[in-house]
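>>> what follows is a predicted protein model with its sequence.
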Amino acid sequence: MKDAITQDAPLLKLKGLEKRFELDKGLLEQIKFKNGKLTREARAVHAVNGINLTANRGEALCVVGESGCGKSTVARLVAGLLTPSAGEIHYDGSRIDTLGRRELLPLRKKMQMVFQNPYSSLNPRMTIQQALEEPVSHHFPKLSRAEVRDKVAEVMRSVGVDPSWGKRYPHEFSGGQRQRIAIARALTVDPEFVIADEPISALDVSIQAQILNLMLEAKDERGLTYLFITHDLSVVQHFGTRVAVLYLGTLCELSDTATLFENPKHPYSRALLSAVPQLKDDKPNHIRLKGEIPTPIEMPQGCPFQSRCAFATNRCQAEKPRPLQQPDGSLVACHAVEEGRIDA
Ligand SMILES: Nc1ncnc2c1ncn2[C@@H]1O[C@H](COP(=O)(O)OP(=O)(O)OP(=O)(O)O)[C@@H](O)[C@H]1O
């Protein structure tokens, strides 16, 4: 059922989203000696831990963080490829995480996904013409064959792929061209929301900017909304309207892109930003994070970032910080920022 929505309501809303991957380890590995007793514990990877987030219509919401912080899991949950362990996903005012396969079908047209590896969405045994026509025929059953062909040709041209190459197979293209074709496949069904999971990470640096620009043009021309997953902050700076910084499956900071780059507040965001090469002289000193990212199997109590944070106190060990709104509108989950121990 539709929530009460206004025109300004977010297109996507995540409420307390959680994903645990249960580990079916051997019985002996699950048995632990605790409080003088032998107990059996179900062990799980806590990939996403209670994320609240919205994507507004027409924006490019970037999700960043180190490898393993849960970025792809968020993308796959939103796309319906994974089921949440807890929490809710709302799209255009309706809850979607509880829908069955059939009920999700109309949404499949509105919401498309672009992966890091374009082979994931291109069948190697289909010519690209067949691969692109298939979703159009499926989602627009009233179109004639000629209309389907015209629609595909128009999208191919818009992503810089010559329609006369339609009889070729995916392996006959370069990595950059293949990603253009995968983007075309997503665009052929006229989506309104595109989830892009590291779409340029596997490409040559010289090609990356071309694909990013292509995705930005598609956004402007088609009024798309993006959920854009990346580990690369220079990509965020170029592409993002807003940025969500994740650490161990938890939201640390959510901010306008310009605000985050000018004034990152969470100690983790500061460390990430300090590692981005800048042209300006006033680049902050590179903050080296101590230690390794903890395992998401043994989640620490309190703030997930405490073991690597220079500002951590007893409170940080005991109490998980909630995201609090800052005067510039950003949300930051950090006791040190809240207590004024870091200039915000
Ligand atoms: N199917 C699965 N089963 C068990 N653990 C998983 C599964 N998928 C992901 N994980 C774990 O969940 C955590 C988050 O993974 P995820 O792929 O979402 O991170 P990420 O930030 O996208 O990392 P990367 O940039 O390396 O892809 C990691 O610890 C990962 O090992």
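Happy to help now that I have it.

>>> got the phi/psi numbers for K13?
phi -140, psi 120 (degrees, to the nearest 10).

>>> for it, which non-adjacent residue is closest in space?
What sits nearest to K13 in space, not counting adjacent residues and going by CB to CB, 6 or more residues apart in numbering, is H90, at 4.1 Å. C-betas here are computed from N, CA, C, even on glycine.

>>> tell me the secondary structure for the residue in the stretch 201-344 of the chain that the ligand sits nearest to?
Closest contact between the stretch 201-344 of the chain and the ligand, by CB to the nearest ligand atom, is at P296 (4.7 Å). Recorded secondary structure, P296: coil (DSSP: H, G, I helix; E, B strand; the rest coil).

>>> please list all residues in contact with R149.
Residues counted as contacts of R149 (CB atoms under 8 Å, 6 or more residues apart in numbering) are Q129, E133.

>>> check which helix or strand it maps to.
helix 145-158 (DSSP states H and E).

>>> just to check, Q326 is in contact with A333?
No. Q326 lies out of contact with A333 (CB atoms under 8 Å); the separation is 11.0 Å.

>>> which of those two has more neighbours?
More crowded of Q326 and A333, by other CB atoms under 10 Å: A333, with 24 against 17.

>>> returning to that earlier point: C-terminal to the helix holding R149, what's the next element?
From helix 145-158, the next helix or strand downstream (DSSP H and E) is helix 175-187.

>>> that next one vs helix 145-158, what angle?
Here helix 175-187 runs at 130 degrees with respect to helix 145-158, directions being taken by axes from the mean of the first three to the mean of the last three CA atoms, to 10 degrees.

>>> thinking again about what came up before, tell me the phi and psi of the residue nearest to K13?
Dihedral angles (degrees, to the nearest 10) for H90: phi -110, psi 140.

>>> returning to that earlier point: report the buried residues of the helix holding R149.
Buried residues in helix 145-158, defined by neighbour count with 16 or more other CB atoms under 10 Å: V148, R149, K151, V152, A153, V155, M156, S158.

>>> between those, which is nearest D220?
S158 (11.9 Å; CB to CB).

>>> just the local confidence number for the closest one, please.
Model confidence at S158, given as pLDDT, is 94.

>>> which element is A47 on?
strand 43-55.

>>> that strand - contacts with which helices or strands?
Under the contact definition 3 or more CB pairs under 8 Å, 6 or more residues apart in numbering; DSSP states H and E, strand 43-55 sits against strand 12-23, helix 71-78, strand 86-91, strand 225-229, strand 250-256.

>>> redo these as TSV? Include mean neighbour count and distance to the ligand.
Below are the helices and strands packed on strand 43-55 laid out as TSV (neighbours: other CB atoms under 10 Å; distance: least, CB to the nearest ligand atom, whole Å):
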stretch	mean neighbour count	distance to the ligand
strand 12-23	18	3
helix 71-78	23	3
strand 86-91	18	15
strand 225-229	26	7
strand 250-256	25	12
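
>>> want to throw these into JSON lines with distance to G176 and mean pLDDT?
Formatted as JSON lines, those follow (distance: least, CB to CB, whole Å; pLDDT from 0 to 100):
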{"stretch": "strand 12-23", "distance to G176": "28", "mean pLDDT": "95"}
{"stretch": "helix 71-78", "distance to G176": "22", "mean pLDDT": "97"}
{"stretch": "strand 86-91", "distance to G176": "31", "mean pLDDT": "98"}
{"stretch": "strand 225-229", "distance to G176": "18", "mean pLDDT": "97"}
{"stretch": "strand 250-256", "distance to G176": "30", "mean pLDDT": "97"}
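
>>> I'd like these laid out as CSV, including distance to A182.
As requested, those are exported to CSV (distance: least, CB to CB, whole Å):
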stretch, distance to A182
strand 12-23, 21
helix 71-78, 15
strand 86-91, 22
strand 225-229, 15
strand 250-256, 28
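
>>> isn't Y247 up against P304?
Yes. Look at Y247 against P304 with CB under 8 Å: they come within range, at 5.7 Å.

>>> burial count for P135?
When neighbours are counted by other CB under 10 Å, P135 comes out with 20.

>>> re earlier: CA-only coordinates of the helix holding R149 in CSV, if you can.
Output of helix 145-158 as CSV, limited to C-alpha atoms (Å, rounded to 0.1, in the frame of the first residue of the first chain):
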residue,chain,number,x,y,z
ARG,A,145,9.3,-5.8,-33.9
ALA,A,146,10.2,-2.8,-35.9
GLU,A,147,9.4,-0.4,-33.0
VAL,A,148,11.5,-2.6,-30.6
ARG,A,149,14.4,-2.4,-33.1
ASP,A,150,14.0,1.4,-33.5
LYS,A,151,13.9,1.9,-29.7
VAL,A,152,17.1,-0.2,-29.3
ALA,A,153,18.9,1.6,-32.1
GLU,A,154,18.1,4.9,-30.5
VAL,A,155,19.4,3.9,-27.1
MET,A,156,22.5,2.4,-28.7
ARG,A,157,23.2,5.7,-30.5
SER,A,158,22.7,7.6,-27.3
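
>>> quick revisit: residue contacts, the residue of the stretch 201-344 of the chain closest to the ligand?
V45, H46, A47, G68, G70, L248, G249.

>>> change it to 7 Å
V45, H46, A47, G68, L248, G249 (CB atoms under 7 Å, 6 or more residues apart in numbering).

>>> just the buried positions in the longest helix seen in the chain, please.
Determined from DSSP state H, the single longest helix within the chain is helix 205-222. Buried residues in helix 205-222, counted by 16+ other CB under 10 Å: I207, Q208, Q210, I211, L212, L214, M215, A218, K219.
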